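Q: Got a predicted structure plus its sequence, pasted below:
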Amino acid sequence: MRNIGFCHSVLFKIYNVYTEKNIKLFLNCGCNAIEINCHHVKEIELINDILPFIKDFNYISLHAPCDVRYDDNGETHTLLKKLETFYALANAQLIVVHPDLVDDWRVFNNSPMNWAIENMDNRKEHYKNVSDLKNFFLTNPSWNLVLDVGHCNDNDKTMILAGDLIAEFKDRIKEIHLSGYEVFHDPLYRTKQTDIIDYCHNLDVPIIIESTFTIEDGLTGVEKEFNYITKNLK
């Protein structure tokens, strides 16, 4: 079975995602992959609490915080050490960072973790298209790419961009981020944007679902989303 699952924080609008209850919800759906999204730097103190609950996943990845700048300073080095500890204890296979937050790429030079950037959405100035990403990989050849197909849709509703990124960087793509994109990381079972899912077919890499659920979706939204996506992946 293909490795597919959720970003662990997709239910943050409903309840505390750093609990066994949250992780079991994904396992009970049939997920065999999970990405631990330490979205805010203060969450770094919480992620170790869920280590006992994620051992049954085949694939584990980590998302670095999005509310800090990454530079060659003490704050960044301390943060990276804490991420490295979790990464090792969790037997994670990949860690992703938003490239627009990085001020000095040298801070990652001696990291033992397997790093990737992701293509950005339309709110960002760079790291969205083939030329931007090509320039990055020319100077950072050891890095990988997480293809966010929802971000592709946000930048180009025709989805030609997604095809272009796959054609250019297929060998670098190690994971897919998947969600609908009418507003921002919407559940696909609601948006019915099967054209976004279509670009997952020919990439044999783990899929992490980033659809964000509201109180209206409820906890059952997770199962609805998982079933809708897996049905349309066949």
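A: Noted; the coordinates are in hand.
Q: helix or strand for Lys82, which one?
A: Assigned by DSSP states H and E, Lys82 falls within helix 74-90.
Q: do Leu161 as well
A: Residue-wise, Leu161 maps onto helix 160-169 under DSSP H and E.
Q: For Lys21, list the residues it contacts.
A: Tyr15 (Cβ atoms under 8 Å, 6 or more residues apart in numbering). Heads up, the C-betas are built off the backbone N, CA and C, glycines and all.
Q: Could you verify that it is part of a helix?
A: Yes - per DSSP: H, G, I helix; E, B strand; the rest coil, Lys21 lies within a helix segment.
Q: any idea how far it is from Leu219?
A: Using Cβ to Cβ, to the nearest Å, we find Lys21 at a distance of 9 Å from Leu219.
Q: Let's verify the residue minimising distance to the centre of the chain: helix, strand, or coil?
A: The chain has His177 as the residue nearest its centroid, 5.0 Å off, counting by Cα atoms, centre = their mean. For His177, the assignment made with three-state DSSP gives strand.
Q: Which strand residues bridge it?
A: Beta-bridge partners for His177, by DSSP bridges, are Asp148, Ile208.
Q: which residues does it contact?
A: His177 touches Cys7, Glu118, Val146, Leu147, Asp148, Val149, Gly150, His151, Ile208, Glu210, counting by Cβ under 8 Å, 6+ apart.
Q: Check it and give its pLDDT.
A: In this model, His177 is scored at 98, pLDDT.
Q: Over to Ile215?
A: With respect to pLDDT, Ile215 has a value of 95.
Q: what's the neighbour count on it?
A: Neighbour count of Ile215, defined by other Cβ atoms under 10 Å: 10.
Q: now do Tyr70
A: 21.
Q: let's number from 39 now, not from 1
A: With 39 as the first residue, the last one maps to Tyr108.
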